[in-house]
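>>> the sequence isn't on hand, but the structure is:
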């Protein structure tokens, strides 16, 4: 899991630094996850199919602008490491963490007495993804089970 945390931390840093998650980082994470699954599981192909299903499910959210492309690809990396069930739980936890981040950002904007605009309410979703992963894997947060 330290490999996954390293990839998520690098994505978080790049998202804050450049406002995008590089494709090379996502590709490295996906290949690392695939190798991890091949070495540790007999049914490794299921994890790869799960990650593709995650991309297909999140792609409409990318099309309407709810998520960035890097965020969708980051969930594919999580899916290849952890499978569909844990990734869905991480996704739900990340949505909750993203809501908290948004409220904090709105309150900070109001305290600075600035006018709130929709373009100014952008949050780097890699932070809620990182927090959601930690809370789900180590905090025992489970929303759904198969």
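In hand now; what should we look at? Note that this is a predicted model, so its numbers are computed, not measured.
>>> what strand or helix carries the residue nearest the centre of the chain?
Centroid-nearest residue in the chain: residue 129, 3.7 Å away (criterion: C-alpha atoms, centre = their mean). Taking DSSP states H and E as the criterion, the element that holds residue 129 is helix 126-138.
>>> pLDDT score assigned to residue 73?
Listed pLDDT for residue 73 reads 92.
>>> ok so, going back, check contacts around the residue nearest to the centre of the chain.
Contact analysis of residue 129 by C-beta atoms under 8 Å, 6 or more residues apart in numbering lists 8, 11, 12, 71, 74, 75, 78, 90, 94. The way it works is simple: take the backbone N, C-alpha and C, and place the C-beta from them, glycine included.
>>> so which of those wins on neighbours?
residue 74 (29 neighbours; other C-beta atoms under 10 Å).
>>> quick revisit: now do the helix holding residue 129, average pLDDT.
On average, helix 126-138 scores 93.
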